[in-house]
Each structure stands twice: as structure tokens, then as C-alpha cells.
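Novice: Here is my input, please return the structure:
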Amino acid sequence: MAYSPSPVIESRAQLVETLSRGCKPREDWRIGTEHEKFTFYRDSFKPVPYSGENGIGALLEKVQAETAWTPYYDGENVIGLNDPLGGGSISLEPGGQFELSGAPLETLHQTCVETNDHLRLLRKFTEPMGIDFLGVGVAPTWTLDEIPAMPKSRYGIMTPYMDKVGTLGTSMMYRSCTVQVNLDFSSEADMVKKLRVSLALQPVATALFANSPFLEGKPNGFLSFRSHIWLNTDNARTGMLPFAFEDGMGFERYADHALDVPMYFVIRDGKYINCAGESFRAFLEGKLPQLPGEKPTVKDWEDHLSTLFPEVRMKQFLEMRGADGGPWQGICALPAFWVGLLYDQTALDAAWDLVKDWTAQERDTLRHQVPGTALKTAFRNGTVMDIAREALAISRAGLKARNRLNWEGADEAVFLRPLDHTLEMGKTPAERLLDLYNGPWGGDVTRIFLEKAMGKGA
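Specialist: Numbers count the residues shown, from 1 in each chain. Okay, the predicted model is just below:
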């Protein structure tokens, strides 16, 4: 991919404008759902490498030939596909996790169709290749050494840096999966309110979607080990953004925060230049050691913003990042939960009323405890289960108020059913997996590949 000229940053205002141009009128708000899944061979339960006749590179090439989506490369390797018409894309995570970054869609019904079409397309090729997909938050049996690295230059920069700044950063990269949703805002004030609500409730989403209780073939002591991983991954670029709740929060304050996050890389002529640990502030002054005298472009700033990993990330939209990967049937539940909370004003106001008196310490405590105890995490005079019930009720009301109906006349609240099931049972997906492990599976975690592959039972 050739380097595209981008305006050189001449003023601080350009940093802020990069974020503020995300503001859109309500009628232009969209839903962009991203979901990752592990690829494995059905006969061995081993991860799928990039190379080979039945590797991930070959799968990408087959999908590209079928769809005519535009391939993009790292060197000579196809590492993703872009839909030039719809706006969606397929990309690879470091350990071969296969990701659909969905197109910006108007309704959750469209998201569900997109998700099912994606699976149907992939199966056309994966069935004869002996490949299947698993939707969980962390690879349940593989060691890091077993997982083949994808040929993406940015990961060659990130991997050694992760070992310097946290204890589980490489686990985040190579053996974790998530479902995320990207949502819009209308103004700076709307962004701030949505950011605060979604940051406060992100641990609740983590609890509801907790689905990573295994590591290297046995229980790991957590319900969302994926969320635990993020507590031990480069604290400079992760976390709950406590400053977002302070007076004066806005685009400029987030830009200030991003400036203080160390860099990973700069892209020039399609090549990644390792700048791990360097300061973007120094880059603004032309003092980046790797590019002496050169100042950053707006594209460099956008690339840098994409390397921040807080629980909610701001670019020109807000990205909800707290949920574990899960079964196919539950993928649409994550965007449904957040759309219901954030895209109806009455629901957003009710959600803010629910969380506005929480202290920074309470929010942080939730973030640290939920990976282990999920819905059973104590909070004030109750548990996270109580908050989840309230949040889900608000979300349902928000979806009903949106009144986006499918061809059968059902509104988008139908996609909350997996969460209703979780609360009715009082057990997260992770706890249900542990019940199987301790019961019918007889302590054999590999059964997860047989019984929980994409499209099988929830």
C-alpha cells in the first residue's frame, strides 16, 4: 500500500479537529460491529498458520476471488480485504484471529444479516480446507509458542515492546478475541456523555460477556481472562480514563492524553518504521529520532490514535472494547446492548443517572474485580448482576424507542435475548463452560472445539 500524502500538522487545532470531525447529525449515526474468532484445524484443534495450501493466506485469497474485495498487503503478503462499496473489511490479528470489521449500518437487523452472510461466505471455503472458527475470549488450549505469527510488520514492532511494558501483552496480541461496536456522536457534549456512560458500564459488559475461563487446557481462575490480560498490558495506553469524568473533558483533553501515550510506529512508503516508546510531542517538534527534522501528518496522528487501547477508545467514533469474543448467536447482542444505551436520548439520560455518582475508585475497582467474579462482583449494597439488570432494562427501552423493525415486525431488542438468558440463569457464558468442563466434558477442554465451534450450540 503506497504512502498517501496527508497534511502536515502545523497547529494543535489539527489534532483536535481530527477527533471533532467525527460529529454527525443523528440521522447519520451508524453501527459498526467488529468481531474476531480463532481459526483452527478440525482434525487437530491446532491454530491455522498463514502459509500453506490450507493456511490463512490461502483463505484470504479465496474470499477475495469470490467477493472482488480489494486486497491489501504487507510486503508481498495479503493481510486483509476491503469492501470498496459497503465499507466493511476483513483483517488479521497477530495470532491469526480472523476479524470482520463490519460496514457502518443503520440497524442491528442489518448487522445480523452482515454477520450471517460473513459466516456463510467463509464456510464455503473453510469446510473443504478443514478449518473452523471458535468464538471465545482467550484461546483455551494453545501456548504462545504454538501460535503462528501473521506476517504484519506492525506486530513485529509491537511484540518485543509488549514484553517491556506488561506481563501479558503478547497474550493480548496472540491469544485473545473480542467483539466490539463503533458508535457515533453528534457533538462534543454528546461525545462526553456517551464516553462517560460507556466507560462506567464497560465492566458490566465485561461481566455479561465473560467467556474466557480456560488457558492452556485448564481453568485459569478467571471468568474473563481476556479482561485480566488487559490489566497487565501496557498501562500507558489502557484503562478507564479517569480524566474523562473531570470538568473540562472534551476533544482537546483526549488529544492531550493521546500525546502522552508512547508511539509504536510511523508508516512511510508502505513500510513501518519502529518508533516504539518515542514521544509524539517530540515528533510535533521535528525531534523524532527515526525521522529527524520531519513533522507528523494528520495520517500519522490517526495511526497513533489507533494504537491506544482504553476500555473505550475515541477516534472519529467511540469504540466499546470490554467484551470477550463469543458464539455466533451472541455477536449481535454486544452492539444491541450499547446501541440501546447510547442511541436513544432518554436511555442515555437514564444510563447517566445510573452511573453519575460512581467514584473513580469504584469504577476502577469494578474494572479490577470483574475479570474474576463477573456478575457476582460486589458493588455497594448489591452486585454487578443488579447493575446489569438495570442497564439491560434501559438498553431494551432504548431499542424499543428506536423502533427499527425487521420484516417480521420485531424491533432490535430481540438481539438482547442472549443477555436475558445469562441473567435468567445467573451464569455467564464462562460459568456455563466451566459447568461443562466439570461435568460432561470430564475435564477435557478440547471438547470446546467440537461443541462450541462457530454455528454450534451457544
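
Novice: Quick check: residue 131 touching residue 48?
Specialist: Yes. With contact defined as CB atoms under 8 Å, residue 131 reaches residue 48; the gap is 5.7 Å. Using the backbone N, CA and C atoms, a C-beta is placed for each residue, glycine as well.

Novice: Find the residues that touch each one of the two.
Specialist: Counting by CB atoms under 8 Å, 6 or more residues apart in numbering, the contacts common to residue 131 and residue 48 are 39-41, 54, 59.

Novice: just checking, which of those belong to strands?
Specialist: Judged by DSSP state E, the subset of the shared contacts of residue 131 and residue 48 located in strands is 39-41.

Novice: Nearest to residue 319 among these?
Specialist: The shortest approach to residue 319 among these belongs to residue 39, at 23.3 Å (CB to CB).

Novice: Can you tell me how far the closest one is from residue 325?
Specialist: 12 Å (CB to CB, to the nearest Å).

Novice: Please say which of these two ends up with more neighbours.
Specialist: Neighbour count, other CB atoms under 10 Å: between residue 39 and residue 325, residue 325 has more, with 28 against 23.

Novice: Please name the residues that touch the more buried one.
Specialist: 35-38, 135-137, 176-179, 211, 226.

Novice: Check residue 90 too.
Specialist: Counting by CB under 8 Å, 6+ apart, residue 90 makes contact with 60, 63, 69, 80-81, 98-101.

Novice: Tell me how many other residues surround the nearest residue to residue 23 once chain neighbours are set aside.
Specialist: Distances taken as CB to CB, 6 or more residues apart in numbering place residue 187 nearest to residue 23, at 5.6 Å, with adjacent residues excluded. Residue 187 has 12 neighbours, counted by other CB under 10 Å.

Novice: Also residue 289?
Specialist: So residue 289, with other CB under 10 Å, has 9 neighbours.

Novice: Next, the contact list for residue 230, please.
Specialist: Neighbour list for residue 230: 172, 238, 309, 311 [criterion: CB under 8 Å, 6+ apart].

Novice: Is the first one in contact with residue 229, as I believe?
Specialist: If I follow you right, that is residue 172. Yes. Judged on CB under 8 Å, residue 172 makes contact with residue 229 at a distance of 4.9 Å.

Novice: follow-up on the earlier one: point out the ones among the contacts of residue 325 that are inside helices.
Specialist: The helices, defined by DSSP state H, take in residue 226 from the contacts of residue 325.

Novice: Would you mind listing the buried residues in stretch 111-129?
Specialist: 111-112, 114-115, 118-119, 121-122, 125-126, 129 (16 or more other CB atoms under 10 Å).

Novice: circling back to that earlier point, would you mind checking the contacts of residue 325 for buried ones?
Specialist: Neighbour counting with 16+ other CB under 10 Å marks 35-38, 135-137, 176-179, 211, 226 as buried within those.

Novice: Would you format those residues as a markdown table with pLDDT and distance to residue 279 included?
Specialist: Output for the buried ones among the contacts of residue 325, formatted as a markdown table (pLDDT from 0 to 100; distance: CB to CB, whole Å):
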| residue | pLDDT | distance to residue 279 |
| --- | --- | --- |
| 35 | 97 | 34 |
| 36 | 98 | 31 |
| 37 | 98 | 36 |
| 38 | 98 | 36 |
| 135 | 97 | 38 |
| 136 | 98 | 37 |
| 137 | 98 | 33 |
| 176 | 98 | 28 |
| 177 | 98 | 32 |
| 178 | 98 | 29 |
| 179 | 98 | 33 |
| 211 | 98 | 37 |
| 226 | 98 | 30 |
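
Novice: Tabulate the residues you listed (JSON lines), appending distance to residue 316.
Specialist: Shown next, in JSON lines, are the buried ones among the contacts of residue 325 (distance: CB to CB, whole Å):
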{"residue": "35", "distance to residue 316": "21"}
{"residue": "36", "distance to residue 316": "22"}
{"residue": "37", "distance to residue 316": "26"}
{"residue": "38", "distance to residue 316": "29"}
{"residue": "135", "distance to residue 316": "28"}
{"residue": "136", "distance to residue 316": "30"}
{"residue": "137", "distance to residue 316": "27"}
{"residue": "176", "distance to residue 316": "25"}
{"residue": "177", "distance to residue 316": "25"}
{"residue": "178", "distance to residue 316": "20"}
{"residue": "179", "distance to residue 316": "21"}
{"residue": "211", "distance to residue 316": "29"}
{"residue": "226", "distance to residue 316": "26"}
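
Novice: Just the closest of these to residue 366, please.
Specialist: residue 226 (16.1 Å).

Novice: how close does that closest one sit to residue 358?
Specialist: Residue 226 is 23 Å from residue 358, by CB to CB.

Novice: and residue 53, how many neighbours does it have?
Specialist: If you count neighbours by other CB under 10 Å, residue 53 ends up with 7.

Novice: Would you report the backbone torsion angles of it?
Specialist: phi -60, psi -30 (degrees, to the nearest 10).

Novice: how far away is it from residue 130?
Specialist: Distance from residue 53 to residue 130, by CB to CB: 11 Å.

Novice: How about residue 192?
Specialist: Taken as CB to CB, the span from residue 192 to residue 130 is 49 Å.

Novice: Kindly report the same for residue 207.
Specialist: 36 Å.

Novice: Check residue 83 too.
Specialist: Remark: distance between residue 83 and residue 130 (CB to CB) = 27 Å.

Novice: Please apply the same query to residue 229.
Specialist: Residue 229 is 29 Å from residue 130, where distance means CB to CB.

Novice: who has more neighbours, the two?
Specialist: Counted by other CB under 10 Å, residue 229 and residue 130 do not tie: residue 229 has more neighbours, with 25 against 13.

Novice: I'd guessed that one sits against residue 178; true?
Specialist: No. Using CB under 8 Å as the test, residue 229 is too far from residue 178 to be in contact (10.7 Å).

Novice: what touches both of the two?
Specialist: Contacts common to residue 229 and residue 178, judged by CB under 8 Å, 6+ apart, are absent.

Novice: The contacts of residue 325 in strands, which ones?
Specialist: With strands taken from DSSP E, the overlap with the contacts of residue 325 comprises 35-38, 178-179.

Novice: Could you single out the nearest of these to residue 391?
Specialist: When these are compared against residue 391 (criterion: CB to CB), the nearest one is residue 179, at 17.0 Å.

Novice: Surely that closest one and residue 334 touch.
Specialist: Yes. Using CB under 8 Å, residue 179 is in contact with residue 334, at 4.5 Å.

Novice: what about residue 426, distance to residue 135?
Specialist: 22 Å.

Novice: Kindly report the same for residue 412.
Specialist: Distance from residue 412 to residue 135, counting by CB to CB: 21 Å.

Novice: shaky segments in the stretch 351-458 of the chain?
Specialist: 455-458 (pLDDT under 70).

Novice: residue boundaries of the helices in it?
Specialist: 360-373, 384-402, 417-425, 429-438, 447-451 (DSSP state H, counting those that start in this stretch).
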